[in-house]
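model this:
(chains A and B)
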Amino acid sequence: QVQLQQSGPGLVKPSQTLSLTCAISGDSVSSNSAAWDWIRQSPSRGLEWLGRTYYRSKWYNNYAVSVKSRISIKPDTSKNQFSLQLNSVTPEDTAVYYCARDQYSSIDYWGQGTLVTVSS
Amino acid sequence: DIQMTQSPSSLSASVGDRVTITCRASQSISSSLNWYQQKSGKAPKLLIYASSSFRSGVPSRFSGSGSGTDFTLTISSLQPEDFATYYCQQSYSNSWTFGPGTNVEIK
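Coordinates of the predicted model:
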């Protein structure tokens, strides 16, 4: 059974960097059949897919156009986890952030969600 | 980005009712369409993938159909545990997008 455990601060100041980590159990971040995603949800924007990292003989990333200039998703193979960094945040980035596994083009496991508030 | 729309945005139904939710993509996405159920305060849960394939453990009263731009999720006989918000999501492009959701409420 795959489990995803998120960690990171719930409050970030405007213009700073939002950083979250997702620890994986029951699968490997280096899996050749899975990808590892970040998704957020807010009342104003609904569910918004942010991006993914995955390994297919080498590491790849895909990012949503809306955040492409500010986002980085990185694997950490030594700890079997992956991370999200979102730079230059504004109050519009306030949301519940989820990490997730996607396999066979659907999201089959989700983390517990982290409410991140952007406020001074 | 491919835009996803859903209708209705909300509906009221009774236990035992047949419920149909529609999802439309702004361009053809073949059968690359997934459906999720979300209950308050919880992460979404995958119900249907690739338009009509069941995820293991999902009750058979849920079914999906469609291809191209138009898709439907049908609940054949609504149960008390089915009151939730339902989202469609396209996985056709490298940048995935979700529909705005359909809230299914108790009548």
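
low pLDDT regions in chain A?
Applying pLDDT under 70 to chain A flags no residue at all.

For it, what lies in contact range of chain B?
A:46-49, A:62-66, A:98, A:100, A:102, A:104-108, A:110-113 (CB under 8 Å from any CB of the partner chain). Just so you know, the C-beta spots here come from the backbone N, C-alpha and C atoms, and that holds for glycine as well.

Weed out the non-buried ones from these.
With burial judged by 16 or more other CB atoms under 10 Å in any protein chain shown, the buried subset of the residues of chain A next to chain B is A:46-49, A:62-64, A:98, A:100, A:102, A:105-108, A:110-111, A:113.

State the next helix or strand along the chain beyond the host helix or strand of B:Q89.
Using DSSP states H and E, B:Q89 maps to strand B:85-90. Once strand B:85-90 ends, the next helix or strand along the chain (criterion: DSSP H and E) is strand B:97-98.

what about the helix or strand that comes right after that next one, distance to the chain center?
Following strand B:97-98 in sequence order, the next helix or strand is strand B:102-106 (DSSP H and E). From the chain centre to the centre of strand B:102-106 is a distance of 12 Å (CA atoms, centre = their mean, to the nearest Å).

And for stretch A:78-95?
Centre-to-centre, stretch A:78-95 and its host chain are 6 Å apart (CA atoms, centre = their mean).

mind listing what the strand holding B:Q89 pairs with, with the direction of each?
When pairing is defined by DSSP bridges, strand B:85-90 lines up against strand B:33-38 (antiparallel), strand B:97-98 (antiparallel), strand B:102-106 (antiparallel).
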